[in-house]
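Enquirer: give me the fold of what follows.
(one chain, ligands or ions: 1)
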Amino acid sequence: LGLSFKCADIGMQCGFETKAENREELMKNIATHAKEAHNITAIAPDLMMKVTAAIKQA
Ligand SMILES: [Zn+2]
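Expert: Down below sits the predicted model:
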């Protein structure tokens, strides 16, 4: 059991996909990727809502 997230699911032209055992770990992976690949250093509330909605049970 775990959680997964795909950047494409929030409308990004991006093939990034990540999995983690819990939400905290997953958000850490997403934050690192957002910073390195999309130059997003702070995830705004509206983006956070999209991300939350796109998280799936893996
Ligand atoms: Zn991405």
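Enquirer: so where's the chain shaky on pLDDT?
Expert: Applying pLDDT under 70 to the chain picks out no residues at all.
Enquirer: which bits of it sit near the ion?
Expert: With C-beta under 5 Å from the ion as the criterion, the chain meets the ion at residues 7, 12, 14, 16, 37. All C-beta spots, glycine's among them, are computed from the backbone N, C-alpha and C.
Enquirer: kindly recompute the last result at 8 Å.
Expert: Within the chain, the positions near the ion by C-beta under 8 Å from the ion are 7, 12, 14-16, 33-34, 37-38.
Enquirer: assumed Val19 was part of a helix.
Expert: Careful, residue 19 is Lys; it's not Val. No. Counting by DSSP: H, G, I helix; E, B strand; the rest coil, Lys19 is not part of a helix but strand.
Enquirer: okay, stretch 13-30 in CSV with CA atoms only?
Expert: Provided in CSV are the C-alpha atoms of stretch 13-30 (Å, rounded to 0.1, in the frame of the first residue of the first chain):
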residue,chain,number,x,y,z
GLN,A,13,3.8,18.7,-19.6
CYS,A,14,6.0,16.4,-17.6
GLY,A,15,6.6,12.7,-17.2
PHE,A,16,7.4,12.8,-13.5
GLU,A,17,5.8,10.1,-11.4
THR,A,18,6.5,9.4,-7.7
LYS,A,19,5.4,6.9,-5.1
ALA,A,20,5.8,6.8,-1.4
GLU,A,21,4.5,4.9,1.6
ASN,A,22,2.8,7.9,3.2
ARG,A,23,1.6,11.4,2.4
GLU,A,24,4.5,13.2,4.2
GLU,A,25,7.1,11.3,2.1
LEU,A,26,5.1,11.8,-1.1
MET,A,27,4.8,15.6,-0.5
LYS,A,28,8.6,15.7,0.1
ASN,A,29,9.2,14.1,-3.2
ILE,A,30,6.8,16.4,-5.0
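Enquirer: give me the buried positions along it.
Expert: Neighbour counts over stretch 13-30 (16 or more other C-beta atoms under 10 Å) mark 16, 18, 20, 26-27, 29-30 as buried.
Enquirer: any chance you could list what contacts it?
Expert: Stretch 13-30 has contacts (C-beta atoms under 8 Å, 6 or more residues apart in numbering) with 1-8, 33, 37-38, 43, 51, 55, 58.
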